[in-house]
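Student: sequence plus predicted model, see below.
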Number of protein chains: 6
Amino acid sequence: MFNVTVRDHVMIAHSFRGEVFGPAQRLHGATYVVDATFRRAALDADGIVVDIGRATEELHAVLAELAYRNLDEEPAFAGMNTSTEALAQVIADRLAARVHAGALGAAAREVAALVVTLHESHVAWASYERAL
Amino acid sequence: MFNVTVRDHVMIAHSFRGEVFGPAQRLHGATYVVDATFRRAALDADGIVVDIGRATEELHAVLAELAYRNLDEEPAFAGMNTSTEALAQVIADRLAARVHAGALGAAAREVAALVVTLHESHVAWASYERAL
Amino acid sequence: MFNVTVRDHVMIAHSFRGEVFGPAQRLHGATYVVDATFRRAALDADGIVVDIGRATEELHAVLAELAYRNLDEEPAFAGMNTSTEALAQVIADRLAARVHAGALGAAAREVAALVVTLHESHVAWASYERAL
Amino acid sequence: MFNVTVRDHVMIAHSFRGEVFGPAQRLHGATYVVDATFRRAALDADGIVVDIGRATEELHAVLAELAYRNLDEEPAFAGMNTSTEALAQVIADRLAARVHAGALGAAAREVAALVVTLHESHVAWASYERAL
Amino acid sequence: MFNVTVRDHVMIAHSFRGEVFGPAQRLHGATYVVDATFRRAALDADGIVVDIGRATEELHAVLAELAYRNLDEEPAFAGMNTSTEALAQVIADRLAARVHAGALGAAAREVAALVVTLHESHVAWASYERAL
Amino acid sequence: MFNVTVRDHVMIAHSFRGEVFGPAQRLHGATYVVDATFRRAALDADGIVVDIGRATEELHAVLAELAYRNLDEEPAFAGMNTSTEALAQVIADRLAARVHAGALGAAAREVAALVVTLHESHVAWASYERAL
């Protein structure tokens, strides 16, 4: 199995609902350093998993929809906690939709799975893995 | 599948028995930067895998039992080499026992697996994965 | 010259005023991974610059005043942009006041200078250096 | 499952064939920071997965065959793109051959799988996993 | 004193002349992870050292002149070894020229000094500091 | 001013004397990831600060004198606390002696200063700077 990972980041504001979150129930924010991993069993005709340049652009496009925003006011997140792990799923699903739509080219449709990891600090991170 | 990881560290002394260890048969020590990963298939009602704050506290409690100690003198490790990979298992097992005992709350009992990684330097690390 | 550095982090929300900031004029947030460096010409009687444990506690106390807050609503920051570099100065100044007040012990008053570095992402960071 | 990982690096020149590569079709180069992970279900009689010292030496030996070379001129790579993911496979296969040949000792033949990860920059990396 | 640093990277091929370089006399290559630090005594009217977005663009523009090239064939480097430290100076000087030309805006002309650091691997890096 | 830095690591056991050290008064240990920085105003005839290969070897030789040892039993450290900052000085002084003795070649005698940084964990490090 082959994996290719590209990294970018996004800065957002949000708050959480639920006693478990303690002071994080207040409006605060985060920088997420985001890693997107593309997995497939065999390389394509060019000898790659996906084009790293295009993968980087697609990840950046997905993150641009979140960047410099207060997620509490985004209709897409109404009624949910935008926890690090929940956002990993959102980003993975949006990236998967782009791959299905051909954003990484026809060959990239052989990608079997995606993993998206969000680092919220130097001491905590979360990820979500899904089939493509 | 979702993963949440928290990081802490511990500093210990120990020695190894066995020719394969060369100079590491002498009493020496290590800083282990320790990552504990909690895996589960679905998020809980709060939208999280585990509470990162509580997970950090539990990992810290497990590491506190080892911290600033000479592992050669700990009864728990009599007759075994406290290699990086063996300590990863010890820490994972102790953390699993805490999760089973409810230390991360009732919802965390849905956690399916744990991975504990110990970084012994910038060029070597080891991990142990187990079901919960 | 000796330096000792300790690391912690803080998560905040804020927005910027000024066209130069582009989309960062919107309410967003950041994780700052914060390094505080203490400098002095000679070690104290215990052979250290400062006690790393106490230095970590004092840095944590300074960051706790900012943690999980919307800095736009903090009176202390009225009329200023809480840029990464400006926050580095705020944190350095507050840490310096604590050192002057004896929070790190009498020996730590020999500390000659402080540097505070805030990492806002894996690709950007800022710092402020000042005499003590 | 246990994992042990060791890290080294290698600096090479190469070029790519295929429009997808854009300016990387020109002769350029890379530093690859290379992580080799050894996986096995149980520890050996010494309490380890593999001897970290010997694993480091074997990885270094494999990388020495590539180091400070123009891969475009290496017969082993004729007709293929030496992409990061393709090189991960080359290195994993060569390391696997060494393990099979006993380079890590008899006990290491219980190693079940290898993962080789090549970091081409701070924002992109690739890996290849294979059974042993 | 305030510092702001931005990070990017560049991948090049080159060779060295001189016995001291051993096998690096052969054509090989490197990824340089490049940090550009801007230093000034006081913040500008917006409360910043330089605009991080524009600083990142200017650093990227300087690196684009080197990217995916064989430096042995670049007239600018005829007769010199493009060592990590020598390239740090080249990049710092080119970045300084852009700042002088106003690429970071009028306020950025108060920048007092630049430091450029090139990481050639996880175990070696070099930097060059100069006044502006 | 030019800087070149090389990185290695060392694993040791030790204990501290003094109430300030709390539980670290017990025998424990550390991995120190060690960075040695060589500073000089101008490059040598080969276009470098020092030969990175030789600098790495000399740092390794200095660390080998400490590696896998209980520093409490080393005569060189009798009566002193081998704190991270104190060890940074020890390593810098030993490295400086080697440079003075010609270990890095005649050209390296132009090196003006050394900085040695010891990372004791992901959240604490110390350094010592001295003229050569």
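Tutor: All right, it came through fine.

Student: ok, A:V6 - contacts?
Tutor: A:V6 makes contact with A:35-36, A:52, A:55-56, A:59, D:123-124, according to Cβ atoms under 8 Å, 6 or more residues apart in numbering or on different chains. Every residue, glycine included, has its C-beta placed from N, CA and C.

Student: and the two most separated of those residues?
Tutor: A:D35 and A:I52 (12.7 Å; Cβ to Cβ).

Student: higher neighbour count, the two?
Tutor: A:I52 (25 against 22; other Cβ atoms under 10 Å in any protein chain shown).

Student: can I get the contacts of A:V6 in CSV including distance to chain B, pLDDT and secondary structure?
Tutor: Formatted as CSV, those follow (distance: Cβ to the nearest Cβ, whole Å; pLDDT from 0 to 100; DSSP: H, G, I helix; E, B strand; the rest coil):
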residue, distance to chain B, pLDDT, secondary structure
A:D35, 12, 98, strand
A:A36, 15, 98, strand
A:I52, 24, 96, helix
A:A55, 21, 97, helix
A:T56, 23, 98, helix
A:L59, 19, 98, helix
D:V123, 19, 98, coil
D:A124, 20, 98, strand
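
Student: buried subset of the residues you listed as a PyMOL selection?
Tutor: Provided next is the PyMOL selection string for whichever of the contacts of A:V6 are buried by 16 or more other Cβ atoms under 10 Å in any protein chain shown:
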select buried, (chain A and resi 35+36+52+55+56+59) or (chain D and resi 123+124)
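
Student: so which of the contacts of A:V6 also contact chain C?
Tutor: D:V123 (Cβ under 8 Å from any Cβ of the partner chain).

Student: same list (the contacts of A:V6) but as CSV, adding distance to chain F.
Tutor: What follows is the contacts of A:V6, written out as CSV (distance: Cβ to the nearest Cβ, whole Å):
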residue, distance to chain F
A:D35, 18
A:A36, 24
A:I52, 27
A:A55, 28
A:T56, 27
A:L59, 26
D:V123, 20
D:A124, 22
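
Student: okay if I get the contacts of A:V6 as CSV plus distance to D:G47?
Tutor: Output for the contacts of A:V6, formatted as CSV (distance: Cβ to Cβ, whole Å):
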residue, distance to D:G47
A:D35, 32
A:A36, 37
A:I52, 40
A:A55, 40
A:T56, 42
A:L59, 41
D:V123, 37
D:A124, 36
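
Student: can you classify the spatially most central residue of chain A as helix, strand or coil?
Tutor: The residue lying closest to the centre of chain A (Cα atoms, centre = their mean) is A:I91, at 3.2 Å. Under DSSP: H, G, I helix; E, B strand; the rest coil, A:I91 falls in the helix class.

Student: for chain A, what lies in contact range of chain F?
Tutor: A:122-123.

Student: spell out which residues of chain A are next to chain D.
Tutor: A:1-8, A:43, A:46-49, A:51-53, A:56, A:105.

Student: quick one: buried ones out of these?
Tutor: A:2-8, A:43, A:46-49, A:51-52, A:56.

Student: so of those residues, which ones are in strands?
Tutor: A:2-8 (DSSP state E).

Student: so what's A:D8 bridging to?
Tutor: For A:D8, the beta-bridge partners are A:V34 (DSSP bridges).

Student: where does the one residue in chain A that gets nearest to chain D land on pLDDT?
Tutor: At 3.7 Å from chain D, A:G47 is the closest residue in chain A, using Cβ to the nearest Cβ. You'll see A:G47 listed with a pLDDT of 97.

Student: how close does it get to A:A124?
Tutor: As for A:G47, its distance to A:A124 is 36 Å (criterion: Cβ to Cβ, to the nearest Å).

Student: where does chain A have low pLDDT?
Tutor: Along chain A, no part satisfies pLDDT under 70.

Student: for chain B, what's its nearest residue on it.
Tutor: A:N81 (3.7 Å).

Student: need the contact list for that residue.
Tutor: Per Cβ under 8 Å, 6+ apart, neighbours of A:N81: A:16-18, A:21, B:46-48.

Student: repeat that with 10 Å
Tutor: A:14-18, A:20-21, A:24, A:71, A:87, B:43, B:45-48 (Cβ atoms under 10 Å, 6 or more residues apart in numbering or on different chains).

Student: residues in contact with the residue nearest to the centre of chain A?
Tutor: So A:I91 contacts A:10, A:32, A:34, A:36, A:59, A:62-63, A:65-66, A:114, A:116-118, A:128 (Cβ under 10 Å, 6+ apart).

Student: can you rerun that using 8 Å?
Tutor: A:34, A:36, A:59, A:62-63, A:66, A:116, A:118, A:128.

Student: which one of those is nearest D:F77?
Tutor: A:A36 (27.8 Å).

Student: check whether that closest one really touches A:L114, as I assumed.
Tutor: Yes: contact criterion Cβ atoms under 8 Å: A:A36 and A:L114 qualify, at 6.8 Å.

Student: give me the common contacts of those two.
Tutor: A:92, A:95.

Student: ok, back up a step: show me which of the contacts of A:N81 are buried.
Tutor: Buried among the contacts of A:N81 (16+ other Cβ under 10 Å): A:14-16, A:18, A:20-21, A:24, A:71, A:87, B:43, B:46-48.

Student: sorry, back to before: okay, and the residue of chain A closest to chain B sits in which element?
Tutor: When elements are assigned from DSSP states H and E, A:N81 belongs to no helix and no strand.

Student: how are the strands of chain A distributed by residue range?
Tutor: Using DSSP E, strands in chain A cover A:2-14, A:28-40, A:69-70, A:113-121, A:124-131.

Student: reformat those strands as CSV; add distance to C:A97.
Tutor: Converted to CSV, the strands of chain A look like this (distance: least, Cβ to Cβ, whole Å):
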stretch, distance to C:A97
strand A:2-14, 29
strand A:28-40, 24
strand A:69-70, 32
strand A:113-121, 26
strand A:124-131, 29
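
Student: quick one: closest of these to C:A76.
Tutor: So among those, strand A:28-40 is nearest, using Cβ to Cβ, at 16.3 Å.

Student: output the closest one as PDB, nothing but the C-alphas.
Tutor: Taking Å, rounded to 0.1, in the frame of the first residue of the first chain, the C-alpha atoms of strand A:28-40 are listed here in PDB:
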ATOM      1  CA  HIS A  28     -11.900  30.900  21.200                       C
ATOM      2  CA  GLY A  29     -10.000  29.600  18.100                       C
ATOM      3  CA  ALA A  30      -7.300  27.300  16.700                       C
ATOM      4  CA  THR A  31      -4.700  26.900  14.100                       C
ATOM      5  CA  TYR A  32      -5.100  23.500  12.600                       C
ATOM      6  CA  VAL A  33      -2.100  22.100  10.800                       C
ATOM      7  CA  VAL A  34      -3.800  19.800   8.400                       C
ATOM      8  CA  ASP A  35      -2.300  16.600   6.800                       C
ATOM      9  CA  ALA A  36      -4.200  14.900   4.000                       C
ATOM     10  CA  THR A  37      -3.100  11.400   3.100                       C
ATOM     11  CA  PHE A  38      -4.100   9.600  -0.100                       C
ATOM     12  CA  ARG A  39      -3.800   5.800  -0.100                       C
ATOM     13  CA  ARG A  40      -3.800   3.400  -3.000                       C
END
